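[1] Give me a model of this one.
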Amino acid sequence: MSDLAALAHHRYLALETVRRNGAAVVTPVWFVERDGQLFFSAPAHTGKVKRLRHTPRGRVAPCDERGTLLGPWIPVAIQPAPGAEAATADRLLAARYGWQRRLLDIFGWLRRWRYVHYTIAAVE
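    Numbering: from 1, shown residues only. The predicted structure is shown next:
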């Protein structure tokens, strides 16, 4: 089992991205694991998406809903998911987070948010 697959039983993932000035920013995100890869989505206007545009790498660790770490950091590469994988990730996230995800989708629809889906792969 890969390090990333071992995170699958956690509900939240601490995602550390890097600002242009080098400062690290940690954000808890919902995620789903499939075939050793992790997927998450975020509204396109958020800071994490902007940071990932210029630095597509970071670290992940299991955490609780407030971002308190529950395990060690794992260095990762983070890339936008291709079309078919993005659709699969969206479906899996909706299934995993149920009514909470549906509520967020309604709020996002009302605000006209566009979501971006990402794949997370471990870096050696």
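[2] residues touching Pro28, list them.
    12-15, 63-67 (C-beta atoms under 8 Å, 6 or more residues apart in numbering). Any C-beta I mention is one placed from the backbone N, CA and C, and that applies to glycine too.
[3] Check Ala14 too.
    Ala14 neighbours (C-beta under 8 Å, 6+ apart): 26-28, 60-63, 67, 69.
[4] are any of those residues buried, and which?
    26-28, 60-63 (16 or more other C-beta atoms under 10 Å).
[5] Show me which pair in those residues is furthest apart.
    Thr27 and Pro62 (13.9 Å; C-beta to C-beta).
[6] Does anything pack onto the least confident helix or strand in the chain by mean pLDDT? Which helices or strands?
    For the chain, counting by mean pLDDT, DSSP states H and E, helix 83-111 ranks last in confidence among helices and strands (a mean of 88). When contacts are defined as 3 or more C-beta pairs under 8 Å, 6 or more residues apart in numbering; DSSP states H and E, helix 83-111 sits against strand 24-30, strand 32-34, strand 37-43, strand 115-122.
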